[in-house]
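Q: Below is the structure, and that's it, no one-letter string:
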Ligand SMILES: NC(=O)c1ccc[n+]([C@@H]2O[C@H](COP(=O)([O-])OP(=O)(O)OC[C@H]3O[C@@H](n4cnc5c(N)ncnc54)[C@H](O)[C@@H]3O)[C@@H](O)[C@H]2O)c1
């Protein structure tokens, strides 16, 4: 089938590559000319395991095209995916300008019927807005061309995006049109062989399903962080509690890791956007507001622990920071906890020596060159002459480091671990002051 994808970001590029891999012809279009040029030269704009060979081989095979020519891209496919960003507006609601711009472009150039599939995460009702936009442009053109608007939210996880798209848990498709259902079934047939993963529903339910999924996951994390803060104060160990509740299959082990807060391009903005949607319809979404507030506070947790350990005197200290991306196996720094921490440390007069296996270029792009940030080539180099080690991201390579070496390099053997990677008792035996999340700091009741 011939498919066009608008927006070559995390979602658009991965989706395009896996569709090409199973044999569809995919034309990717983006307004970022540099990105398109780089992709034509085999340079992949993001780090995502398995993505580079997939893109390169399908590009070489001619099944994956990259262009900035929107007119040609609209002509290319009967199926037109919208996979552009929906960042938060100033008030937290989703900014739909990019989605609407694509809708206008499709309506302006289409010369045949189109199925327009919204893959971006958009508030409930956006399908109707996109439909109105396309209809208005077609009316101006005095065109009666047929089109359908479909909601097909994306559930991929950064860091596992390729395998998630190749083997999706579910394929949610919002449409009530039988022809569109047939086309979508054919499009996704290669991903649907083992058992039927397609769940058809109306457009609004599909739009809300995406928010409900992300808000549920964010809720689990904030709930667990709240438990961790309580555990810390009552002298319990949250890791024991985690095991204790995870074994209940109604709760499960997934997504109940305490830590220094969630980040990324999705959870923060999607929780905020659903709060905003609720406000607009006169509903007070108390759980979602609390999820957001708990997370914002949790992102300052490591700084509070550091500040307490150094009695409020962190000015002039050098912080070795391991992990910058919002989670492992990605270079995405959007809303990363490391950014909140670094900005608090800088405001307090500390210097950061950071290492991340993938996100150093992105950090450099965001912060530029500044005297209080040194990006180091290895995790060992980041320790050199530092006063403490802080861990923000649970990359595999941080899980079993050489603790003797860490001790030798640090001015003082103190570790602040935002991801609970180590055992507190063993760290004490090794002679470290070890601060983690929800473990150890007991206050007598
Ligand atoms: N990143 C994720 O893990 C993830 C997962 C599920 C859903 N989503 C949702 O998918 C959407 C896209 O997210 P992303 O992370 O891929 O975004 P992104 O910022 O990585 O990529 C968006 C791309 O769209 C391009 N673009 C903007 N306007 C355009 C236009 N008019 N025509 C063509 N291209 C245009 C941008 O240049 C950019 O390359 C968002 O709504 C997001 O919430 C993201």
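A: Received it, and whenever you're ready, just let me know what you need. From a predicted model like this one, the values you see are computed outputs, not experimental measurements.
Q: what sits against residue 176?
A: With contact taken as CB atoms under 8 Å, 6 or more residues apart in numbering, residue 176 is in contact with 202-203. Glycine gets a C-beta too; all of them are placed from N, C-alpha and C.
Q: Distance check, it against the ligand.
A: Per CB to the nearest ligand atom, to the nearest Å, residue 176 is found 23 Å from the ligand.
Q: How confident was the prediction at that residue?
A: You'll see residue 176 listed with a pLDDT of 96.
Q: what does residue 267 give?
A: For residue 267, the pLDDT comes out at 97.
Q: That one: neighbour count?
A: For residue 267, the number of neighbouring residues by other CB atoms under 10 Å comes to 23.
Q: correct me, but it touches residue 218?
A: Yes: using CB atoms under 8 Å, residue 267 is in contact with residue 218, at 4.3 Å.
Q: anything in contact with each of these two?
A: Joint contacts of residue 267 and residue 218 (CB under 8 Å, 6+ apart) are residue 295.
Q: Could you list the domains of this structure?
A: Taking the TED database as the criterion, the chain consists of the domains 2-201, 214-440.
Q: right, and those - which one's nearest residue 208?
A: With CB to CB as the measure, domain 2-201 is the member of the domains of the chain nearest residue 208 (5.1 Å).
Q: so what's whichever residue of the stretch 301-445 of the chain sits closest to the ligand up against?
A: Closest contact between the stretch 301-445 of the chain and the ligand, by CB to the nearest ligand atom, is at residue 332 (7.1 Å). Counting by CB under 8 Å, 6+ apart, residue 332 touches 10, 46, 158, 264-265, 325-326, 359, 362.
Q: Need the worst-confidence member of the residues you listed.
A: Within the contacts of residue 332, lowest confidence goes to residue 265 (89).
Q: Show the backbone phi and psi for that residue.
A: Backbone torsions of residue 265, given as degrees, to the nearest 10, read phi -80, psi -10.
Q: Next up, the contacts around it.
A: Residue 265 is in contact with 10, 85, 158, 332, 334-335, counting by CB under 8 Å, 6+ apart.
Q: Output those residues in CSV, with distance to residue 396 and secondary structure appended to each entry.
A: As requested, the contacts of residue 265 are exported to CSV (distance: CB to CB, whole Å; DSSP: H, G, I helix; E, B strand; the rest coil):
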residue, distance to residue 396, secondary structure
10, 21, helix
85, 29, coil
158, 16, coil
332, 17, coil
334, 22, coil
335, 22, coil
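Q: and which of the residues you listed is nearest residue 225?
A: When these are ranked by distance to residue 225 (CB to CB), residue 335 comes first, at 15.3 Å.
Q: pLDDT score assigned to that closest one?
A: 97.
Q: Can you report how many residues neighbour the residue nearest to it when sequence neighbours are not counted?
A: Nearest residue to residue 335, sequence neighbours excluded (CB to CB, 6 or more residues apart in numbering): residue 263, at 3.9 Å. Number of residues near residue 263 (other CB under 10 Å) recorded here: 24.
Q: shouldn't residue 198 be in contact with residue 173?
A: Yes: contact criterion CB under 8 Å: residue 198 and residue 173 qualify, at 6.1 Å.
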